[in-house]
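> Just a sequence and a predicted model for now, questions to come.
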Amino acid sequence: MERKFFTNEMFDTILLESKHFNVVPSLGSLVEGWVLITPKQESLNFSVLSEERYSELERLISEIRNIQNSLYGNSVIFEHGPMQSCSKTGCGVDYAHLHMVPISFDLLTGIQKFLHIDLKFREIKSISEITSLNKSNLDYLYYRTHDNHQFCVFKPEFPSQIFRQVIAYYLGIPERYRWREYPETKMIEKTIRDFEAIRVCHEQ
């Protein structure tokens, strides 16, 4: 697997962690507070976690959302879920990573509005349902709204960085969705400072 995390770069700074997950700022952050949850044990996507891991993940998500809500406002969650390495769906990173982004945009509406792609998302109760629903072992997109409505959709492959493209369109900077070309280091620096300030505050 191609692993883009924890290479001693600024964007590999661990902001929070639990027993089995790390939280790092996202390379190519288009807004402040954009973070990734990554499993400490290598996996290609989040649909293959054990039930125990999902419970831990939900606790970590709740902790991150409390921080994001206090600093930036509502946030959404998404994953581009490849089932094979080197898939466009995975956006060039063959290592599971779940995005948590402080925005209020409806990304499902944005896919149709900006990209003119008609995807039939279905509502689910938990990301843990994806494996049982994915009978044909297809790539998937996972999306969770700020008020915890969750959706997924399956296809053999999706265009690269669909959700990032939609966010960039909403922000009026559609060309900047490419994280390799636009690393957005100032946003990352601000996120690191904000999370560090929260940590210091909690320790006092």
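The structure has been received and is ready for your questions.
> Which helix or which strand is home to Y143?
Assessed by DSSP states H and E, Y143 sits inside strand 139-144.
> What residues sit buried inside that strand?
139-144 (16 or more other CB atoms under 10 Å). For the C-beta atoms, the positions are set from N, CA and C on the backbone; glycine is no exception.
> okay, the residues you listed in TSV with pLDDT and distance to H99 next?
Formatted as TSV, the buried residues of strand 139-144 follow (pLDDT from 0 to 100; distance: CB to CB, whole Å):
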residue	pLDDT	distance to H99
D139	93	16
Y140	94	14
L141	96	11
Y142	97	10
Y143	98	10
R144	97	10
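> Let me have the residues you listed in TSV, extended by distance to T185.
Formatted as TSV, the buried residues of strand 139-144 follow (distance: CB to CB, whole Å):
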residue	distance to T185
D139	30
Y140	30
L141	27
Y142	27
Y143	27
R144	27
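> sorry, back to before: elements contacting the strand holding Y143?
Under the contact definition 3 or more CB pairs under 8 Å, 6 or more residues apart in numbering; DSSP states H and E, strand 139-144 sits against strand 76-81, strand 150-155, helix 162-170.
> neighbouring contacts of the first one?
For strand 76-81, contacts defined as CB atoms under 8 Å, 6 or more residues apart in numbering pick out 45-47, 61, 89-91, 96-101, 103, 105, 107, 127, 130, 139-146, 158, 160-163.
> strand partners of it, parallel vs antiparallel please.
strand 98-101 (antiparallel), strand 139-144 (antiparallel) (DSSP bridges).
> Nearest to R180, out of those?
strand 98-101 (16.1 Å; CB to CB).
> which of the residues in the helix or strand following that closest one are buried?
With elements assigned by DSSP H and E, the helix or strand that comes after strand 98-101 is helix 107-115. Within helix 107-115, the residues that qualify as buried by neighbour count (16+ other CB under 10 Å) are 107-108, 110-111, 114.
> How about stretch 48-67?
Per 16+ other CB under 10 Å, stretch 48-67 contains these buried residues: 49, 53, 56-57, 60-61, 64-65, 67.
> Fine by me, we can end here.
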